[in-house]
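Enquirer: Next input, structure requested:
(chains A, B, C and D)
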Protein chains: 2
Amino acid sequence: MYELIRRKNMAEQIKPTESELEILNILWDKGPSTVRDVHEVLEQSKDAGYTTTLKLMQIMYEKKLLKRDATTKSHVYTANVSQEKTQGQLVKKFIDSVFNGSASQLVMQALGNHKTNKKELDEIRKYLEEMEKRSK
Amino acid sequence: MYELIRRKNMAEQIKPTESELEILNILWDKGPSTVRDVHEVLEQSKDAGYTTTLKLMQIMYEKKLLKRDATTKSHVYTANVSQEKTQGQLVKKFIDSVFNGSASQLVMQALGNHKTNKKELDEIRKYLEEMEKRSK
DNA sequence: TTGTGTTTACGAAAATATTCGTAGGTTTGT
DNA sequence: ACAAACCTACGAATATTTTCGTAAACACAA
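Expert: Prediction:
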């Protein structure tokens, strides 16, 4: 007989859908918000009803992507996953599926096609130097 | 009365789904292949039936993501979109939806989380120098 | 010829993601 | 108190993506 073991440190897969990611982005940007707050931002870029946003956020709550405070009349939602960690996972998955695991290929593609401006390039160069220093 | 104008230079959106991208990757790697060829590679990493692969490739053909030579008994398929262009579009979309348009943020996230090795870092540094030279 | 194996085409089921209508509760202003 | 405005919950319709069963055509060997 077998038994499923649930490991504590099993890195949890954060897998927001397209729409869910839009909402996470808003919450990361604005901090704790009501459904209406989020919906007002979303409305600017897409055209969906209020209850659609509500439903999405409820689903995300069930999936533990969001926390919420339900003591107030209008529930206040907060992201329950960190932006860094989520971005990290998304980038990893993206690199695997699009660039067969090669981060440097992604980097060069990103730098090449996007007319990255001087300031951004400087940041990156500084960052590279930092990495090199640390690895010595 | 209105009339839809189809512009010649309207950059066509290449929007493969997850599964379609897997198939494109195989075709870019192996070159022209039959459904069976593709399916044998696919089988190694996932578990799906032959007709599933077939159907996917037929759909991709309808969408013009693939070309095919149907003169032979086993049709031979080829990618009909370039790897570079497709990757470019995917990266752009990814940067927009995950990093709010900032390529440098993506780059730093990619370099930071992925223990990129020395060789890769060197490539990137060289690439940056090239860019700088050209922009002078 | 007949059977075995391989192929394409096609429709539809299954799985997943998105959207929205409606019901019922709470708050607010008059 | 009453109506208008706003909120949540929830089921279900839509849309999209993935999977597969089945039929028909063809090749090849016995």
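Enquirer: Distance check, A:Glu84 against B:Phe99.
Expert: 12 Å (CB to CB, to the nearest Å). Bear in mind the C-beta positions are built from the backbone N, C-alpha and C, glycine included.
Enquirer: Those two - which one has more neighbours?
Expert: Regarding A:Glu84 and B:Phe99, a neighbour count based on other CB atoms under 10 Å in any protein chain shown identifies B:Phe99 as having more, with 20 against 12.
Enquirer: what about the one helix or strand in chain A whose mean pLDDT sits lowest and chain B, touching?
Expert: None of the helices or strands of chain A scores lower by mean pLDDT, DSSP states H and E than helix A:118-135, at a mean of 80. Yes - using CB under 8 Å from any CB of the partner chain, we find that helix A:118-135 touches chain B at A:118, A:120-121, A:123-125, A:127-128, A:131-132, A:135.
Enquirer: Can you tell me how far A:Arg36 is from chain B?
Expert: From A:Arg36 across to chain B, the span is 22 Å (CB to the nearest CB, to the nearest Å).
Enquirer: circling back to that earlier point, please enumerate the shared neighbours of A:Glu84 and B:Phe99.
Expert: Residues touching both A:Glu84 and B:Phe99 (CB atoms under 8 Å, 6 or more residues apart in numbering or on different chains) are B:Gln109.
Enquirer: Excluding residues flanking it in the chain, which one is nearest A:Glu18?
Expert: Leaving aside its sequence neighbours, A:Glu18 sits nearest to B:Ser97 (CB to CB, 6 or more residues apart in numbering or on different chains; 7.2 Å).
Enquirer: list the contacts for the nearest residue to A:Tyr61 once chain neighbours are set aside?
Expert: Spatially, and ignoring its direct neighbours in sequence, A:Tyr61 is nearest to A:Arg68 (5.6 Å; CB to CB, 6+ apart). Neighbour list for A:Arg68: A:61, A:75-78 [criterion: CB under 8 Å, 6+ apart].
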